[in-house]
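Q: Provided below for reference: sequence and predicted model.
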Amino acid sequence: MLRARRNGRNLDEFFCPNEACSDYRKKGKGNIVLKEHYGKQNTALLRCKTCKKTFSEKRGTPFFR
Ligand SMILES: [Zn+2]
């Protein structure tokens, strides 16, 4: 599986925030991909390949500051 990295971000640190997803809160599954960046802070928009939902890196990482 292709592992996307950008700006030093390791997508393995992110997990799917969708409770209905079978990969919910599972890290390092390779289901999280970088979709695009948006906004002034260049926030990464991530996508879960399992449930096809998109979410921002901020929302997806409540324990990561
Ligand atoms: Zn998901």
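A: Yep, it's here.
Q: count the neighbours of the closest residue in space to residue 12 that isn't next to it in sequence for me.
A: Of all residues not flanking residue 12 in the chain, residue 28 sits nearest, at 4.4 Å (C-beta to C-beta, 6 or more residues apart in numbering). In this view, the C-beta of every residue, glycine as well, is placed from N, C-alpha and C. Residue 28 sits with 13 neighbouring residues when counted by other C-beta atoms under 10 Å.
Q: now do residue 28 against residue 42, distance only.
A: The gap separating residue 28 from residue 42 is 24 Å, by C-beta to C-beta, to the nearest Å.
Q: picking that back up, the residue nearest to residue 12 against residue 10, yeah?
A: No - contact criterion C-beta atoms under 8 Å: residue 28 and residue 10 do not qualify, at 9.5 Å.
Q: now the spatially most distant residue from the centre of the chain: how far from the ion?
A: Within the chain, residue 40 marks the point farthest from the mean C-alpha position, 18.7 Å out by C-alpha atoms, centre = their mean. Residue 40 sits 27 Å away from the ion, going by C-beta to the ion, to the nearest Å.
Q: looks to me like that residue is in a strand.
A: No - counting by DSSP: H, G, I helix; E, B strand; the rest coil, residue 40 falls outside a strand, being coil.
Q: quick one: contacts for it?
A: For residue 40, the contact set (C-beta atoms under 8 Å, 6 or more residues apart in numbering) is empty.
Q: and residue 10, what pLDDT?
A: The per-residue pLDDT reported for residue 10 equals 80.
Q: name the residues linked to it by a beta bridge.
A: On the basis of DSSP bridges, residue 10 is bridged to residue 5.
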